[in-house]
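**Student:** coords please:
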Amino acid sequence: MEGEVDKFIVVWIVVLACLLYSYTIGTLIPQGTTRLVALSIVTCLFLWLPLNLTTMHLGGLTSFFIAWLANFKLLLFAYGKGPLSSNPPIPLMHFVPMACLPIKAVHTTSISSPESSTQVIKKKVKKISIFKILLFGMLLKVYDYNEYIHPKLKMSLYCFHIYFMLDIVLAMVAYVARTLVQMELEPQFDEPYLATSLQDFWGRRWNLMVTSILHPTIYDPVRSISIHLVSREWASLVAIFTSFLVSGLMHEFIFYNIGRLKPTGEVTCFFLLHGVLVSVEVAIKKATKGKLHLPPIVSRPLTLGCVLTTCFWLFFPPFLRFKPDVRGCQESVAFLEFVTNGRLISPANASCPYLL
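**Tutor:** Residues are numbered from 1 along each chain as shown. Presented below is the predicted three-dimensional model:
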C-alpha cells in the first residue's frame, strides 16, 4: 500500500505540472491546431499515468479524472472552447481543479446573495448526502449475508452500490473543489432512478459531467460533419450513436486500468446498445412530435428495468471478473487501518470481514 500511495502522489504531481504547462500554453499559443499539437504530449501522458496505479479506487478514479475528463477538456481548450476557456482567461487556481476534477460551474442569470445561495446548496447537499451515506452503510451491512443472496439480486445491489459510491465520492470531490474555486457547481447526478426514458436517464440524470463533456467534444462535431452527408434528423442520430460509442471505449479503457484484464468489448456493446435505443427513442419522439409518451408510473420502472437488464447482460460480467467486491473491501480495510492506526498495509494482506 505504501508503494501505491507513493506512486499516487508522484502521478498527481506530474498531473499538476502538466496542467501548469497547459495553462501556460493557453497564454502563449492562440487557439487552434498549433495549440492542440502543443497539448498532445499532455494527453498522451494522461493516458499513460493511470497505468502506474494498480488499486481499484486510486487507479479507477485517476483514470476517470485525467484520462477521460481532463483529456476531453484539454481537447476543447485547444480550440478555445469548454469550461477551461473564457475571456478573460480563468485564473490558474480555477483552471487546475476545473481541468482534472469532475466539476462544472453553474452559470446563473439572476443576481443573488452568495451567502444565501451557498447556505441553500449546503443544506440540500447535506440532507441528501447523509441519507445516501446511511443507505450505503445499510447496503454494506447486507453483504454480511452474501452467501444467502441470489446472484441476480446481488447484481441489483451492485447497481445501487455503484450509484451511491460514485455519488458520495464525486460529491466529496465537488465539495473540496467548491472550497478551492469559490464557485457554485452543478450536481453530478439528478436522481437517475426517477428517469422516465433512456434519453432522460443518460442525458439529464446520470453522471452529468460526462454528458456535458461528450456533447461539445463528440456530439456537436459529429453532427456538424454528418449534416453535410445526411439529413438534419439523421445527423443528430449519428451523433448520439457516436457519443455512446466513445463513452463505451472510455469505459473499456477504465475497466482495463482497474482490472488489467484483456478487454472483451462487452462494455462497449452495452453503450452501443443504449446508443441504438436512445436513437430510436429520439426518432420516435420526432416522428410523433412528442405526442407519444407513457405516464411516469409506467415509464420509470420500464426505464430502470431496461438499464438493469442490460447491465446484467453486458456491463456486470466484465466488471465482476476483476472481483471489485473483494478488492474494494480489502482496499477499504487497508485505508481504515491507516486512518485508525497509522499503518500502511497492502490491500492483498487485508482481511475483509465480508469474505470470512
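
**Student:** for this structure, longest helix please?
**Tutor:** Across the chain, the helix with the greatest residue count (assigned by DSSP state H) is helix 151-181.

**Student:** show me what it is packed against.
**Tutor:** Based on contacts counted as 3 or more C-beta pairs under 8 Å, 6 or more residues apart in numbering; DSSP states H and E, the elements that helix 151-181 packs against are helix 92-100, helix 114-142, helix 296-310, helix 316-321. Using the backbone N, CA and C atoms, a C-beta is placed for each residue, glycine as well.

**Student:** next, the angle from that helix to helix 296-310.
**Tutor:** Comparing the axes of helix 151-181 and helix 296-310 via axes from the mean of the first three to the mean of the last three C-alpha atoms, to 10 degrees yields an angle of 100 degrees.

**Student:** highest mean neighbour count out of the helices and strands packed on helix 151-181?
**Tutor:** The highest mean neighbour count among these belongs to helix 92-100 (a mean of 20), with neighbours defined as mean count of other C-beta atoms under 10 Å.

**Student:** could I get that one in PDB with only the CA atoms?
**Tutor:** What follows is helix 92-100 as a C-alpha-only set of coordinates in PDB (Å, rounded to 0.1, in the frame of the first residue of the first chain):
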ATOM      1  CA  LEU A  92      -4.700  29.200 -12.600                       C
ATOM      2  CA  MET A  93      -6.300  28.300  -9.200                       C
ATOM      3  CA  HIS A  94      -9.600  27.700 -11.000                       C
ATOM      4  CA  PHE A  95      -8.000  26.200 -14.100                       C
ATOM      5  CA  VAL A  96      -6.400  23.200 -12.300                       C
ATOM      6  CA  PRO A  97      -9.400  21.900 -10.400                       C
ATOM      7  CA  MET A  98     -11.700  22.600 -13.300                       C
ATOM      8  CA  ALA A  99      -9.400  20.600 -15.600                       C
ATOM      9  CA  CYS A 100      -8.800  17.500 -13.500                       C
END
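
**Student:** mean confidence for stretch 44-55?
**Tutor:** Here stretch 44-55 scores 94 as its mean pLDDT.

**Student:** no, scratch that, I was asking about stretch 23-31
**Tutor:** Within the predicted structure, the mean pLDDT of stretch 23-31 is 95.

**Student:** begin at 35, not 1, for the rest of this chat.
**Tutor:** I'll keep to 35 as the first residue from here, and by that count the last item is stretch 57-65.

**Student:** the helices and strands packed on helix 185-215: which one's closest to residue 287?
**Tutor:** With respect to residue 287, and counting by C-beta to C-beta, the nearest of these is helix 350-355 at 12.4 Å.
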